[in-house]
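Q: Return a 3D structure for these sequence lines:
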Amino acid sequence: MRMRSVSRRNVIALVVGMLACLFVWTPTASAHGTIVGPPTRAYQCWQTWGSHHTDPAMQTQDPMCWQAFQANADTMWNWMSALRDGLRGNFQGSTPDGQLCSNALARNNALNTPGAWKMTNVGANFSMHLYDQASHGADYFRVYISKNGFDPTTQRLGWGNLDFILQTGRYAPAKDITFNVQTNGTYRGRHVIFTIWQASHLDQTYMWCSDVNFG
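A: Next up, the predicted model:
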């Protein structure tokens, strides 16, 4: 009887331990999303280096991702988690200059660092693609582009560095949402696309920077 009792306790302990591991290793932010095209800074780093993030070649081939991984690798592992709750549309008042690319999240501060982030080539008119694991939908997206003359390789992005381009309408829940952006054709070379996603299921606001090259 004693042997059976000990065995039963061991089994229970094993099951509890396994369940605890599941809770520990399941990302708390797994049910969110990001702009994957043109990719946000965190997503680009994860997509390029996630499977070999310890490769020393990253330091020379992609130094901005290198510094981000060194600062906090969780920024890339949780590329879908750049959200804040309850801003009630007060985006500018709630997000200081220099913290736009991190959505004012201290854990993601490396995304604000000026430098030669990898760029995606776009034209004057381009499409944007949100991948949302949980299909939240959107009340709207707001899209801004850094002004001509702003240099993201040496300057942190602030609200005064942005041109407002558009605000979309609502989007029904879906894993993939795409929408078109049309510019006046005056942008050339390196710029930052700053996107705000106001999710529909709760008052959750996501903000990201995507680095692009206008041809």
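Q: Who are the contact partners of Gly189?
A: Residues near Gly189 by Cβ atoms under 8 Å, 6 or more residues apart in numbering: Asn213, Phe214. C-betas here are computed from N, CA, C, even on glycine.
Q: mind checking how far it is from Asp163?
A: Per Cβ to Cβ, to the nearest Å, Gly189 is found 15 Å from Asp163.
Q: do the same with Gln44
A: Counting by Cβ to Cβ - Gln44 and Asp163 are separated by 22 Å.
Q: Who has more neighbours out of these two?
A: Neighbours around Gln44 and Asp163, counted as other Cβ atoms under 10 Å, are more numerous at Gln44. The numbers are 24 against 17.
Q: Give me the three-state assignment for that one.
A: Under DSSP: H, G, I helix; E, B strand; the rest coil, Gln44 falls in the helix class.
Q: Tell me, how many residues neighbour the closest residue to Phe214 other than its chain neighbours?
A: Of all residues not flanking Phe214 in the chain, Tyr187 sits nearest, at 4.3 Å (Cβ to Cβ, 6 or more residues apart in numbering). Neighbours of Tyr187 under the rule other Cβ under 10 Å: 22.
Q: Do you know the pLDDT at Tyr187?
A: Note for Tyr187: predicted pLDDT of 97.
Q: Show the contacting residues for it.
A: Listed by Cβ under 8 Å, 6+ apart, the contact set of Tyr187 reads Ala124, Ile145, Asn148, Phe214.
Q: same thing with Ala138?
A: For Ala138, the contact set (Cβ under 8 Å, 6+ apart) comprises Leu130, Thr168, Arg170, Tyr171, Ile177, Trp197, Gln198, Ala199, Ser200.
Q: ranking the residues you listed by neighbours, who comes first?
A: Of all the contacts of Ala138, the highest neighbour tally under other Cβ under 10 Å goes to Trp197, namely 27 neighbours.
Q: Not counting its neighbours along the chain, what's nearest that residue?
A: Using Cβ to Cβ, 6+ apart and skipping the chain neighbours, the partner closest in space to Trp197 is Tyr206 (4.3 Å).
Q: Between the contacts of Ala138, which has the least confident prediction?
A: For pLDDT, the smallest value among the contacts of Ala138 belongs to Ser200: 83.
Q: so how far is Leu162 from it?
A: The gap separating Ser200 from Leu162 is 24 Å, by Cβ to Cβ.
Q: same deal with Cys209?
A: Here the criterion is Cβ to Cβ. By it, Cys209 lies 11 Å from Leu162.
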